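K.L.:
sharing a model prediction with you, sequence too.
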Amino acid sequence: MNHSICQEICCDVLVIGTEGTGARVALEACEQGADAIAVTKGFLGRSGATLTADGEIDIDSRSAKTIFGVAGCPDDSPEEFAKDMIVEGDYLADQRLVAIHTQEAPQRVKELVEWGATIEGFIHAPGHRYPRGLWIPGLKLTRLLARRLVKSGVTILENTLVFELLHDSDGVVGAVALNLPTGNIFILRSRAVVLATGGAMRVFPLTTAPEELTGDGMAMALRCGAVLQDMEFPMFLPYCFLTPPALRGVIFPYDVSALLEVHALNRHGERYMARWDPKRMERTTRDINSVAAAMEIRTGKGSHAGGTYLSFKHLPRNLIDFSTQWFPGNLQGWRAAGFRLRDFYPNIGEEAWEVAPASHFWNGGVSIDEHCATQVPGLFAAGEGTAGIHGANRLAGNALTMTQVWGKRAGYYAAKFAKKNKLRKPPKEQVEAALRKVGQLNQESSGPSVVEVRQEIRRISGDLIGIVREEKTLRDALSAIEDLRGQINRQHVTCSDPQFNREVSEGLQNENSLDVIDAVVRASLHRQESRGALYRLDYPETDNDRWLCNLALRRRECEWAIEEVPVKSIHLTLPSGKRQYGRRRENDHSS
Amino acid sequence: MTTVREKQQTITVRIRRGDREKSHLVDYEVPIEKGQSVLGVLQYIYDHLDHGIGFSASCRIGLCASCLVRVNGKVVRACTTMAEKDMLIEPYKDSATIRDLITELPPLAREAKWTVHIQGSMQDMER
């Protein structure tokens, strides 16, 4: 296939991503008078991670009580909420960003309610010292935002895959996109670009994330000179279905949402969490639960299907039966996402569920400041796929909060930036290089198929990276990535139809996913300790004396540079000494 | 117990391919196990039998509805519908077909005017 640029489209602010974060970015940019284009590779309101969120959006308990009249606790405050985020993020969060996050969260949720969102419940999820989870299902949230976006005057481009950013020596000048329905390639020129592209959870074989989460934003940012940070902490959710095939990666929602006390068991029937966090057991945070489950599986104590067991057997029958009457609406009748669990597990409460940790969220990502600015002028980023808000582990309910707080901020500051800057011409050689990327994906290419490359990326992520890591397998991963890098420019495509060519879009995404796992491996190798979502078998302790720093990764040409950046601490004194992994609340009597 | 992997069986799946003007039926032999979704079957075909097949999916857990198809005449979500023997899988609406099983989806809002296809000139958007 011979490719050329079909057209150029100009705007003030280009927003990549249109769901929870992207919609909020675009709405704010528009509010600030910017001419904004919001582009998504999926369908608006029908793609991305936000719509899969069961429903928590967290704000401090006191604000929840005063603003929304729910049963919040007056002892809580944005400052207390911030403390929990910092402690449960294992002290790696950027405390400046956390303070903004918890301060602005109540106002952002208030806006959502003014726009028509309904709060359907209020829950107390693990890791939080107070109940903070306002229940607004992600599906309703994205539909609400989509409708608002359509009315806003923002130009929306659906089914359009942005696959490379364009930049000159003064910063970012736009992006190159592939329109999936036509196969046309065009240039989006803008004064500012905002990445709202989410994480890269699809690089792992078992994941809760939708198709789109392939790490595009992080990889494109890296390639145009931005810094990636905290990439060693992809987050896993401990309890996701393994069987039957249709349910693989579906979240078991009743424990995560802290609705019923569940027991996590290994094949011997042991509640193994007693060895990891005896104080909190299964109600510890998801990072520790996932590491513990992965270790059970790894040491031959897993379930029949290769996971662990979850059981309600200790609960009385009538209590279990009653529970679904008071569960939030989208979970009533034992539903998990769009599935009726009784279709697969008819004897709820009698049999254990077989579950395993699945890739669920990206704690790290593009490094940003308070204004959502990256190190590349004109390039902003918000929401999942940015670093600093969650540190080494995200608390439940903070993903949706993140979309709104940081979406609005990114839209505001990108619009301000756009006002002061002119459109600049994209460098010709970058446009040509982008065109070559698409051109290389053809039937004459001698390399592996795009499907084989995707499968190899997942094999590396699943078998060699995983949740529990060690030097040897990480080194194996690095060399496997190196091998694959030699083949990524010659991926073979069988179908020449330009319309919705899944092979071409997957081929472009494969390069992004490969860049992301490369960063994950390098950061995981560098950090010789266990903390938050990273567990190193060869360095099982948390070492606060050596490793209270963020790892910042850059790549110039093919050379990677890793810098240890001291944690930005303004509120909470950082701990010292070494401790056993998972015991961060051990001496804390406040939880 | 239903969660144990049960013996695989091979089924024949018939898929309507083409666009809204012209289409034809193609048969595929797909091994399935109990609790396999229609979407799982489509993914299998794409991964192992025919990389050229067009289908849409996003969340894969029954929420986004981007995998709407018609199975044996009934409009369903491919991800939450279990595969069975003798399936005919077609676009959910013939007039909305773009390619194979990929269709224009019903808009989420009556006000929706956004552009799904960027074709021809977009003079009004250029400056």
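P.N.:
Sure thing, it's come through.

K.L.:
any idea how far stretch A:197-215 is from the chain center?
P.N.:
Using CA atoms, centre = their mean, to the nearest Å, the distance from the centre of stretch A:197-215 to the centre of the chain it belongs to is 8 Å.

K.L.:
just the CA trace of it, in CSV.
P.N.:
This file holds the C-alpha atoms of stretch A:197-215, laid out as CSV (Å, rounded to 0.1, in the frame of the first residue of the first chain):
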residue,chain,number,x,y,z
THR,A,197,-5.3,7.8,26.2
GLY,A,198,-5.3,5.6,29.4
GLY,A,199,-3.1,2.7,30.3
ALA,A,200,-1.6,-0.3,28.5
MET,A,201,-3.4,-3.1,30.3
ARG,A,202,-3.9,-5.0,27.1
VAL,A,203,-0.3,-5.9,27.0
PHE,A,204,-1.0,-8.6,29.6
PRO,A,205,-2.8,-11.8,28.8
LEU,A,206,-5.4,-11.5,31.6
THR,A,207,-6.8,-8.0,31.8
THR,A,208,-10.0,-6.2,32.8
ALA,A,209,-9.4,-3.5,30.2
PRO,A,210,-11.1,-2.8,26.9
GLU,A,211,-9.4,-3.3,23.6
GLU,A,212,-8.2,0.3,23.3
LEU,A,213,-5.8,0.3,26.2
THR,A,214,-2.6,-0.5,24.4
GLY,A,215,-0.4,2.3,25.8
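
K.L.:
next, residue A:41: secondary structure please.
P.N.:
coil (DSSP: H, G, I helix; E, B strand; the rest coil).

K.L.:
tell me the phi and psi of the residue of chain B found nearest chain A?
P.N.:
Across chain B, the shortest distance to chain A (CB to the nearest CB) belongs to residue B:62, at 1.5 Å. No exception for glycine: its C-beta is placed from N, CA and C like everyone else's. Backbone torsions of residue B:62, given as degrees, to the nearest 10, read phi 80, psi 20.

K.L.:
spatially nearest residue to it (excluding sequence neighbours)?
P.N.:
residue A:338 (1.5 Å; CB to CB, 6 or more residues apart in numbering or on different chains).

K.L.:
tell me the contacts of the one you found?
P.N.:
Residue A:338 sits next to B:61, B:62, B:63, B:77, B:79, B:80 when contact means CB atoms under 8 Å, 6 or more residues apart in numbering or on different chains.

K.L.:
distance to residue B:19, pLDDT and secondary structure added to those, as TSV?
P.N.:
Formatted as TSV, these follow (distance: CB to CB, whole Å; pLDDT from 0 to 100; DSSP: H, G, I helix; E, B strand; the rest coil):
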residue	distance to residue B:19	pLDDT	secondary structure
B:61	29	95	coil
B:62	27	93	coil
B:63	28	92	coil
B:77	22	95	strand
B:79	24	96	coil
B:80	27	96	coil
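
K.L.:
can you redo the residues you listed as JSON lines with neighbour count?
P.N.:
Output for those, formatted as JSON lines (neighbours: other CB atoms under 10 Å in any protein chain shown):
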{"residue": "B:61", "neighbour count": "26"}
{"residue": "B:62", "neighbour count": "23"}
{"residue": "B:63", "neighbour count": "23"}
{"residue": "B:77", "neighbour count": "24"}
{"residue": "B:79", "neighbour count": "29"}
{"residue": "B:80", "neighbour count": "21"}
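
K.L.:
hey, what's the residue nearest to residue A:246 when sequence neighbours are not counted bridged with?
P.N.:
Excluding the flanking residues, the one nearest residue A:246 by CB to CB, 6+ apart is residue B:37, at 3.8 Å. Beta-bridge pairing for residue B:37 (DSSP bridges): residue B:82.
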